[in-house]
Each structure stands twice: as C-alpha cells, then as structure tokens.
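[1] here is the input, now give the coordinates:
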Amino acid sequence: MNNQITQLIRLLKLTDGWDGDNAPAPNTTAAIYASIFITCLANIGLHPTSVGPSFDGGIGITILRRPRIGSISVLNDGEMLAMFSVAGEDSAKIWKVEKTIQSISEACRQLKELMSGP
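    Below you'll find the predicted structure:
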C-alpha cells in the first residue's frame, strides 16, 4: 500500500498536458478519494496492480487477477466509477460510487467478490 500512496504523491506533481496533449493533471480531490480507495482495498486484501493518471483528469486504480480485471476511476471533480470485466468477454459491470465511506466500502467489497469469482 505504501508504494501506491507514494505513487499518488508523484501524480500530484504532474501538470496539465502530462500526456503530451491536453490531459488535465490529477488534483488533490482525486488523490484523496484514490487514497481512501487504496486503503479500503488493502484492508480487504486487494492490492492494486497499478495506480496512474487518467486522460480524463483524475486517477485510475487497476487490479489484475487474470482473467479478471477490476478498476476504479476517480475524476478530479470527485466522481468515481468502479468497473469489473473478464478478459475475452464482451460485457463489463460498471457502477457509480458515491462520495461516502459507505459507498466506497461497498464498491471495494463488490470488487473483492467479483475478483474472487468462480
């Protein structure tokens, strides 16, 4: 978890256009919500494979347990989406996560359940 928190701090040093185009840099709001997600995931035994900037402005958190893929997108305005898919399948489950500890905790729980799968 410390590695992901260190990565969040690095992401806050990015500037707009970090992608060589017009992508907004992640801001403090995105970093705070992402850190809550990372802590919540760690507390239930899920450890992100990657934490990085989002082209939409914010932070993306990815969890890989092949063939399962879970991710959380935390935008600069605090909007959060969770996503789950299985590699090679056409459908994905995507849901909005509210700006509450309860909603974030529930999203983490759902991701753990989905990532464990049959």
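
[2] name the spans of this protein whose pLDDT lies under the cut-off.
    Applying pLDDT under 70 to the chain picks out residues 1, 118.

[3] ranges for the strands of it?
    50-54, 58-65, 68-75, 80-86, 92-97 (DSSP state E).

[4] could you export the ones you listed as a markdown table, including distance to I36 and mean neighbour count?
    For every residue, glycine as well, the C-beta is placed using N, CA and C. A markdown table is the format used below for the strands of the chain (distance: least, C-beta to C-beta, whole Å; neighbours: other C-beta atoms under 10 Å):
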| stretch | distance to I36 | mean neighbour count |
| --- | --- | --- |
| strand 50-54 | 13 | 17 |
| strand 58-65 | 11 | 21 |
| strand 68-75 | 9 | 22 |
| strand 80-86 | 10 | 19 |
| strand 92-97 | 10 | 13 |
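
[5] so which of those strands comes closest to I32?
    Across those, I32 has its closest neighbour in strand 68-75 (8.8 Å, C-beta to C-beta).

[6] contacts for that closest one?
    The contact list for strand 68-75 (C-beta atoms under 8 Å, 6 or more residues apart in numbering) reads 30, 33-34, 37, 46, 54, 56-63, 80-87, 97, 107, 111, 114-115, 117.

[7] reformat the strands of the chain as CSV; add distance to Q4.
    Output for the strands of the chain, formatted as CSV (distance: least, C-beta to C-beta, whole Å):
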stretch, distance to Q4
strand 50-54, 5
strand 58-65, 8
strand 68-75, 12
strand 80-86, 16
strand 92-97, 18
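
[8] of those strands, which is nearest L41?
    Nearest of those (C-beta to C-beta): strand 58-65, 7.2 Å.

[9] just the CA trace of the closest one, in CSV.
    C-alpha atoms of strand 58-65 as CSV (Å, rounded to 0.1, in the frame of the first residue of the first chain):
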residue,chain,number,x,y,z
GLY,A,58,-8.0,12.1,-12.3
ILE,A,59,-6.6,8.8,-11.1
GLY,A,60,-7.1,5.3,-12.3
ILE,A,61,-6.6,2.3,-10.0
THR,A,62,-6.3,-1.2,-11.6
ILE,A,63,-6.4,-4.6,-10.0
LEU,A,64,-5.5,-7.6,-12.2
ARG,A,65,-6.2,-11.2,-11.3
